[in-house]
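Participant: pasted the sequence and its predicted model underneath.
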Amino acid sequence: MSEPEVESARSDSPAWERLAGLALASDREGLASELDALSEAERIHAFGRISIEDRGRVLGLLDPGRAARLLESVPDVYAGQAVGEMEPAAVADIVEELPSNEGADLLGELGAEAAEAILAETESGVAANVRSLLQYPQDTAGGLMITEYVVVPESGTAQDVIDHMREEVERYADYPVQYVYVVGASGELNGVLPLRDLLLARRARTVASLMTRAPISVRASTPLQEVLDVFVSHHYVGVPVVDDSDILVGVLLREDVDEARADRSDADALKARGIVGGDEVRTLPLMLRSRRRLAWLSINIVLNVIAASVIALYEDTLQAVIALAVFLPIISDMSGCSGNQAVAVSLRELALGVTKTDEIARVLFKESALGLVNGAVLGVLIGAVAWAWKGNAALALVVGTALALNTVLAVCIGGAVPLVLRRAGVDPALASGPMLTTITDMCGFFMVLSFATLALSRLTI
């Protein structure tokens, strides 16, 4: 095959096949060129399609800086799988190129022993920063903060700070510098100086006269939800993070908080659909994926049996009016859909910080009003279908009323349950769905069959 034909065959093959081939051939230059030619979306897709072993080969062939940029763009689970195939020293080189919080997230995907082996090969300053971040849960200010920031003493002048930053230009080149943080002799946070104010100030002005004293800050242990509240209330690019002694330990960037909020929303969406135990991708081991899904599905079997037991109590009614069997799943499904809409809104409002866990009464009022409107419309529609099918006004009234009332109940439960669960310390994304489904199914079946029992003489005419 001639060289042009080889090039044509390469261009016709999928990007992930080309990536795997270049990795297997240890073609460093070709691999770098291939990645440069792909868009970010194409890189993520190609990296996810190749085997875990090939992901490790790709990272090992790239220079540490390029490998770090690639890992920042792909899902954490892919990054963790890839570095698990590499030697600790090679991963350490990549960690040194990552922002401190990204390095901590990467090592957080690994076991404690593997992470420590990598940190042992990492430059001491970087390793210390990453270790300090690993001690905090990922969904707290400490777990999200960065340790790359500029600190200066209160005693200097604007010229002193500018000279210092120029002397340390290589160190600060990659820092997301928007503020200069002013600390005391023990490292306690005394103030914040916006970079713009520093650059526009007269050179002889003291830092003390320029800085904002008693700035807004958060504790390293502050949970994500409270951090979100801070950024909703204040339009800051970053917020300093302090420990229990008010010592400055990091800076929390708005973009990292927004990313964490998006990650939580994605995780909540997965949990609401029964995907538990973290991110799932199809390259994970089969039995691990099976266990994670069965953990939720097994519980749902029990809950569905409980809901279906209501039908057994009204077996005679159901046998007498077999048409009810057609409407039971419709009412159950429509009520569940209405309730899940309310769950989704509550989860989103909790994530955005616009609803508090003690605002249940407000949520119930809002949802009940909406439920009355939507329930009336849906009840009329299903009643019209029953009338058109059987020509029985009593059947239309039974199923229409049941759907209308169950819709009101479903949206109230769907809106309130996430707030109750969050307040009780239970993950609302995981538990809201099963609870809602069970309650709405039981109530929907009960309403239809009890109303039908009361109107049985008119339904069997």
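Facilitator: Yep, that arrived.
Participant: give me the pLDDT value at Gly278.
Facilitator: Looking at Gly278, its pLDDT reads 56.
Participant: so where's the stretch 351-461 of the chain shaky on pLDDT?
Facilitator: The model of the stretch 351-461 of the chain has pLDDT under 70 over residues 352, 429-431, 461.
Participant: can you give me the helices for it?
Facilitator: 360-390, 393-423, 428-454, 456-459 (DSSP state H, counting those that start in this stretch).
Participant: which one, of the ones you listed, ends up nearest to Ser39?
Facilitator: Set against Ser39 and scored by CB to CB, these come closest in helix 428-454, at 31.5 Å. Glycine gets a C-beta too; all of them are placed from N, C-alpha and C.
Participant: tilt between that closest one and helix 393-423?
Facilitator: If you take axes from the mean of the first three to the mean of the last three CA atoms, to 10 degrees, helix 428-454 sits at 160 degrees to helix 393-423.
Participant: thinking again about what came up before, right, so the helices of the stretch 351-461 of the chain: which one is the most enclosed?
Facilitator: helix 393-423 (a mean of 23; mean count of other CB atoms under 10 Å).
Participant: can you list the helices of the stretch 351-461 of the chain in a markdown table and add distance to Gly184?
Facilitator: Shown next, in a markdown table, are the helices of the stretch 351-461 of the chain (distance: least, CB to CB, whole Å):
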| stretch | distance to Gly184 |
| --- | --- |
| helix 360-390 | 44 |
| helix 393-423 | 38 |
| helix 428-454 | 42 |
| helix 456-459 | 81 |
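Participant: can you say which of the ones you listed is nearest to Leu70?
Facilitator: helix 428-454 (30.0 Å).
Participant: so which of the helices of the stretch 351-461 of the chain gets nearest Ile216?
Facilitator: Comparing the helices of the stretch 351-461 of the chain by CB to CB, helix 393-423 comes nearest, at 24.5 Å.
Participant: just how off-centre is the closest one within its chain?
Facilitator: Counting by CA atoms, centre = their mean, to the nearest Å, helix 393-423 is centred 28 Å from the centre of its parent chain.
Participant: how about Pro194, phi and psi?
Facilitator: The phi/psi pair for Pro194 (degrees, to the nearest 10) reads phi -60, psi 140.
Participant: what about the residue nearest to it when sequence neighbours are not counted, distance to Arg423?
Facilitator: Distance criterion CB to CB, 6 or more residues apart in numbering; nearest residue to Pro194, sequence neighbours excluded, is Tyr179 at 5.7 Å. As judged by CB to CB, to the nearest Å, Tyr179 and Arg423 stand 35 Å apart.
Participant: what do you get for Trp16?
Facilitator: Applying CB to CB, the value for Trp16 to Arg423 is 45 Å.
Participant: and Ala23, by the same measure?
Facilitator: 50 Å.
Participant: do the same with Ile44
Facilitator: Relative to Arg423, Ile44 is positioned 37 Å away (CB to CB).
Participant: Glu121 is nearest to which of the helices of the stretch 351-461 of the chain?
Facilitator: When those are compared by CB to CB, helix 428-454 sits nearest Glu121, at 37.7 Å.
Participant: contacts only, for the closest residue to Ala185 other than its chain neighbours.
Facilitator: Using CB to CB, 6+ apart and skipping residues adjacent in sequence, the residue nearest Ala185 is Pro153, 8.0 Å away. Taking CB atoms under 8 Å, 6 or more residues apart in numbering as the criterion, Pro153 is in contact with 182-185, 207.
Participant: and Leu252, its phi and psi?
Facilitator: Torsion angles, degrees, to the nearest 10, at Leu252: phi -100, psi 120.
Participant: so what's it up against?
Facilitator: Applying CB under 8 Å, 6+ apart to Leu252 gives the contacts 141, 144-146, 218, 227, 238-241.
Participant: mind doing that once more with 10 Å?
Facilitator: Counting by CB atoms under 10 Å, 6 or more residues apart in numbering, Leu252 touches 101, 141-142, 144-146, 217-218, 220, 222, 227, 230-231, 236, 238-241, 260.
Participant: and Thr460, by the same measure?
Facilitator: When contacts are counted by CB under 10 Å, 6+ apart, Thr460 is found next to 317, 320-321, 392, 394, 452.
Participant: and those as a markdown table, adding distance to Leu297?
Facilitator: What follows is the contacts of Thr460, written out as a markdown table (distance: CB to CB, whole Å):
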| residue | distance to Leu297 |
| --- | --- |
| Thr317 | 31 |
| Ala320 | 34 |
| Val321 | 32 |
| Asn392 | 38 |
| Ala394 | 38 |
| Ala452 | 31 |
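Participant: pull the most distant pair out of those residues.
Facilitator: Thr317 and Asn392 (14.7 Å).
Participant: who has more neighbours, these two?
Facilitator: The neighbour count for Thr317 versus Asn392, taken as other CB atoms under 10 Å, is higher for Thr317 (21 against 18).
Participant: correct me, but the more buried one touches Leu449?
Facilitator: Yes - contact between Thr317 and Leu449 holds when scored by CB atoms under 10 Å: they sit 5.5 Å apart.
Participant: okay, and the common contacts of these two?
Facilitator: Overlap of the contact sets of Thr317 and Leu449 (by CB under 10 Å, 6+ apart) consists of 311, 324.
Participant: identify the bridge partners of Leu152.
Facilitator: Slight slip there: residue 152 is Val, not Leu. Val152 forms beta bridges with Val182, as assigned by DSSP bridges.
Participant: ok, it touching Leu195?
Facilitator: No - here Val152 does not reach Leu195: they are 11.7 Å apart, not a contact under CB under 10 Å.
Participant: neighbour count winner among the two?
Facilitator: Taking other CB under 10 Å, Val152 and Leu195 do not tie; Val152 has more neighbours (19 against 14).
Participant: that older thread, highest neighbour count among the contacts of Pro153?
Facilitator: Ranking the contacts of Pro153 using other CB under 10 Å puts Val182 first, with 25 neighbours.
Participant: list the contacts for that residue?
Facilitator: Counting by CB under 10 Å, 6+ apart, Val182 touches 151-156, 161, 189-193, 207-208, 210-213, 215, 248.
Participant: filter these down to the buried ones, ChimeraX style.
Facilitator: Selection of buried members from these for ChimeraX, criterion 16 or more other CB atoms under 10 Å:
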select :152,154,156,161,189,190,191,192,193,207,208,210,211,215,248
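Participant: tell me how far the residue nearest to Pro194 lies from Asp246.
Facilitator: 17 Å.
Participant: more neighbours: which of the two?
Facilitator: Neighbours per residue, other CB under 10 Å: of Tyr179 and Asp246, the larger number sits with Tyr179, 25 against 16.
Participant: if anything else comes up later, I'll come back, but that's it for now.
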